[in-house]
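S.K.: here is a sequence together with a model predicted from it:
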Amino acid sequence: MIAIVNVGPHDDPDKLGVRTYEVRINANVVCTFKHRRADGLGMCLLKASKAVERQKWEQASRILDIANVTAHPRRTLVRRSGAADC
């Protein structure tokens, strides 16, 4: 199940103001985003889709960063004193 859930604030007197929403897939919160209720459902869905894509690319970037560190560990420079090897 995919759900877009309004998580508040619920006590704001401006019923059409900015709210925070979560995009959930089953029980997992995938991402959050802000939306102004007065902008309507179409804009809410667009912002939800962009937030999911942004999260996906951030996760891919983290995975690539981990893979790059694992595949190419930092080389440390060793300084030698005395004559250089030929």
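M.R.: Received, thanks.
S.K.: for Asn26, which non-adjacent residue is closest in space?
M.R.: Among residues not flanking Asn26 along the chain, Met1 sits closest, at 5.9 Å (CB to CB, 6 or more residues apart in numbering). Quick note: C-beta positions are derived from backbone N, CA and C, even for glycine.
S.K.: whoops, Arg54 was the one
M.R.: Cys31 (7.1 Å).
S.K.: am I right that that neighbour is in contact with Glu53?
M.R.: No - in this structure, Cys31 is not within contact of Glu53 by CB atoms under 8 Å, at 9.3 Å.
S.K.: more neighbours, those two?
M.R.: Between Cys31 and Glu53, counting by other CB atoms under 10 Å, Cys31 is the more crowded of the two (18 against 11).
S.K.: show me the contacts for the spatially most central residue of the chain.
M.R.: By CA atoms, centre = their mean, the chain has its centre lying nearest to Gln55, at 3.3 Å. Each residue near Gln55 by CB atoms under 8 Å, 6 or more residues apart in numbering is listed here: 30-31.
S.K.: give me the buried positions along the helix or strand containing it.
M.R.: Assignment of secondary structure by DSSP states H and E places Gln55 within helix 40-71. Of the residues in helix 40-71, 44, 47-48, 51-52 count as buried by neighbour count, 16 or more other CB atoms under 10 Å.
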